[in-house]
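In: A predicted structure for the sequence below; I have some questions about it.
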Amino acid sequence: ENIKQYNLRSNIDVQVTKYLKVGLNLAGRIDDDHFPYNSANQINSHIFLYQPNWQPYWPGTKDLQPLRGSENIINWVSDNAGYQTQKINTFQSTGYINWEVPWVKGLSIEGSGSYDPNSTFVKTFEKPDYVYYQDAATGTLTRGRSGMQTDQATLDDRITLGSLLYLTTKIHYERKFGRSSIKALLGYEQTSTYSNFDEAYRSNFPSTVIPQIFAGSSDPTQQSNNGSAAQGARQNEFGRLNYDYAGKYLAEFTMRRDGSPNFSADKRWGYFPSASAGWRLSEEPFMKKYNFIDELKIRASYGIMGNDLVNSFQYLTTYGYGNNYVIGGSDVTGLAQTGVPNPNITWETAKTWNAGLDATLWKGLLGITFDYFQTRRSDILTTAASVVPGYTGLTLPDENIGIVDNKGFELILTHTNNQHKFQYSFSGNIAYSRN
């Protein structure tokens, strides 16, 4: 009864015309949870050292005994020592459209958009809890404070609001001309995220009847609040072109243009192309005389990938609060520089070249996959081995200063026998790489 969840889901697909399809997918969830103030780990570690002959109540009464640390586990697994409530609202929505252009064979356009808001409200209310102490001389039980919890109630309220907006569109083209097949894709996607966090705290509640912030102490030293906000955005443009001739000659080219919020406007965009080609020799007429070859293909590829996993806004001069000053007898909030900017920070890149072979022989009795690769990671994002004096309060930014070369190979051998009632397969691999 302390954990409640409500779910809603709806999927709507409409075939508007022969060539046009639209849809809307909705999903929502509400979580309403109630827990004791102490966490499961705290409760488990506390009760772990309980003696097996301990009783939670004084014999013949409903009065709690002081056990380990003058506490009682009944207080910890109930609301006696406080509680935490969580109310989580999550909503997901996606609308999409798919249009097959009737006057251009093989051409289709699809697009979708998602908006996902969410909210989380957490209330943590710690209360003083009580046990009964026995007078050694008279045996009288007297209600008193337990040994570990707070003497006066405290309340912490936290609320988080967030949203995700995702938009994408793709253009597909697929045609076959004689023995040639072409597939093409152009796409665009954009993501925006927002979040806000607020927290309020008060202690020394005169009563536990009203667990609301306003009912706490009016003493400024018994109050605190906090808040923050964050946002992010990304844009990506991408394309892919595939060519296949008679299932023998295969080629693919891809291109991505990615925009990162972690870099300045003139360093924000990264370009990451890749290309691959394959030749299925087993489909060539001159290979047919080698009837023990089921499949034989050689392939090669080259591509560039990017990495932007660093802290945001390192290209800007950053400032932080915390160094207060007394001016004219008043406490004034101070603002100080916290980081050294690096306006030249940009994408880390990895250039990889690969060549390989795939073969299946004697109806699967022997399978071979071999790859040789070389990778160079350049402009690696890392902090320079310089030292900034501590009295400056500054931290150094990441820089594009690292280079790592890696090369190696991998060989996979398989054996599969499906020619009898008893079927089996084995595989093994060996790999080697060196930086």
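Out: Perfect, I can see it now.

In: which residues touch the residue nearest to residue 405 when sequence neighbours are not counted?
Out: Using Cβ to Cβ, 6 or more residues apart in numbering and skipping the chain neighbours, the partner closest in space to residue 405 is residue 376 (5.2 Å). (Each C-beta comes from the backbone N, C-alpha and C, glycine too.) Counting by Cβ atoms under 8 Å, 6 or more residues apart in numbering, residue 376 touches 350-351, 403-406.

In: Which secondary structure elements does the helix or strand harbouring residue 176 sit against?
Out: Of the helices and strands defined by DSSP states H and E, residue 176 is found in strand 153-177. On a contact count with 3 or more Cβ pairs under 8 Å, 6 or more residues apart in numbering; DSSP states H and E, strand 153-177 meets strand 107-126, strand 180-205.

In: Check what contacts the next helix or strand after the first one and list those residues.
Out: Downstream of strand 107-126, the next assigned helix or strand under DSSP H and E is strand 130-134. Counting by Cβ under 8 Å, 6+ apart, the neighbours of strand 130-134 from elsewhere in the structure are 58, 61, 63-66, 70-72, 75, 80, 140-146.

In: which SSE is the residue nearest to residue 405 in?
Out: Secondary structure (DSSP H and E) places residue 376 in strand 366-383.

In: That strand - what's its average pLDDT?
Out: If you average the pLDDT over strand 366-383, you get 91.

In: Run the angle between the next helix-or-strand element following it and strand 366-383 for me.
Out: For strand 366-383, the following helix or strand on the C-terminal side (DSSP H and E) is strand 398-417. For strand 398-417 and strand 366-383, the angle between their directions (axes from the mean of the first three to the mean of the last three Cα atoms, to 10 degrees) works out to 170 degrees.

In: Parallel or antiparallel, which strands does strand 398-417 pair with?
Out: Based on DSSP bridges, the pairing partners of strand 398-417 within the sheet are strand 366-383 (antiparallel), strand 424-434 (antiparallel).

In: Would you mark the buried spots in it?
Out: Residues 398-400, 414, 416 are the ones in strand 398-417 that count as buried (16 or more other Cβ atoms under 10 Å).

In: Quick check: the farthest pair among those?
Out: When the buried residues of strand 398-417 are compared pair by pair using Cβ to Cβ, the farthest-apart members prove to be 399 and 416, with a separation of 50.6 Å.

In: Where do the strands of the stretch 201-350 of the chain begin and end?
Out: Assigned strands in the stretch 201-350 of the chain, in chain order: 223-245, 249-259, 269-280, 293-307, 318-321, 325-327, 330-332, 335-339, 348-361 (criterion: DSSP state E, counting those that start in this stretch).

In: Tell me which of these sits nearest to residue 120.
Out: Proximity to residue 120, assessed across those by Cβ to Cβ, is greatest for strand 223-245 (14.1 Å).

In: Just the buried residues of the closest one, please?
Out: With burial defined by 16+ other Cβ under 10 Å, the residues of strand 223-245 counted as buried are 234-242, 244.
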